[in-house]
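[1] I need the structure of the sequence given here:
(one chain, ligands or ions: 1)
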Amino acid sequence: MKILALSDRVDPRIYNDHFKERFRDIQVVISCGDLPEYYLDFVVTNLNVPLFFVHGNHDPSQGKKSLAGGFNLDEKLVVFKNKLIIAGLEGSLWYNGNLHQYTETEMYFKFLKLIPRLYLAKLKYGRYLDLLVTHAPPRGIHEGQDPAHLGFKVFQNIIKKYRPRFHLHGHVHLYNYNQSYQDFYYQTQVVNCYSYRVIEVD
Ligand SMILES: [Zn+2]
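    Now for the predicted structure:
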């Protein structure tokens, strides 16, 4: 299954007349946040595939619950096409009290709401999770140095215990080619989806 993951930046390689042709084998779109609704709308209208999203801390939609007809993944676990288990947690670490910012403790309590669904998934599918979708990175991986761009420790714990195949996040802008955007943490591939990434899951 091919996933188009988007985050943080309206990318001219996506937002153009050839997009539909170039990305026609995409089966699902995932937004890791901070993108305007018109852009998400453009993507899903052209590809005619489902959208799953989390809000970022700089979301132009100002916290609108639904975006571009997509599914808001925050504190939710869904099973796409009865095979891909996806769970999401929105927002960034708290730094000035604006929308979609959470302290480590608040994020921990958001994560607790996922636990029953994770165990149900394990019972039904033999594994907890395939894709963890968040805006912020896990602590220690891809994170920035300022308080706003630090990662969450609780995401590390989710990775260690529930072992998603991928953790897709955004929030940390990529400024040069030396900056790492794809790294393993335990068995999970952590991918910074700034701009866009195409991810293949079998
Ligand atoms: Zn952000």
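
[2] Show me what from the chain comes close to the ion.
    Proximity of the chain to the ion is confined to 34, 56-57, 171 under the rule C-beta under 5 Å from the ion. From N, CA and C alone the C-beta is placed, and that goes for glycine too.

[3] Now rank these by neighbours and give me the top one.
    Within these, most neighbours by other C-beta atoms under 10 Å means residue 171, with 28 neighbours.

[4] ok, that residue to residue 119 distance?
    According to C-beta to C-beta, to the nearest Å, residue 171 and residue 119 sit 28 Å apart.

[5] Equivalent analysis for residue 14, please.
    Distance of residue 14 to residue 119, computed by C-beta to C-beta: 37 Å.

[6] what sits against residue 134?
    For residue 134, the contacting residues are 32, 54, 88-90, 152, 155, 167-169, by C-beta atoms under 8 Å, 6 or more residues apart in numbering.

[7] Let's see which of those end up in helices.
    residue 155 (DSSP state H).

[8] Looking at the contacts of residue 134, which is nearest residue 187?
    Nearest to residue 187, judged by C-beta to C-beta, of the contacts of residue 134 is residue 167 at 10.8 Å.

[9] residues near the residue lying closest to residue 78 once chain neighbours are set aside, how many?
    What sits nearest to residue 78 in space, not counting adjacent residues and going by C-beta to C-beta, 6 or more residues apart in numbering, is residue 86, at 5.4 Å. Residues lying near residue 86 (other C-beta under 10 Å) number 23.

[10] May I have the phi/psi pair for residue 86?
    The phi/psi pair for residue 86 (degrees, to the nearest 10) reads phi -120, psi 130.

[11] any idea how far it is from residue 138?
    To residue 138, residue 86 is 17 Å away according to C-beta to C-beta.

[12] in the chain, which spans are strands?
    Assigned strands in the chain, in chain order: 2-7, 28-31, 51-53, 71-72, 76-80, 84-89, 92-93, 101-102, 131-134, 166-169, 182-185, 188-192, 195-200 (criterion: DSSP state E).
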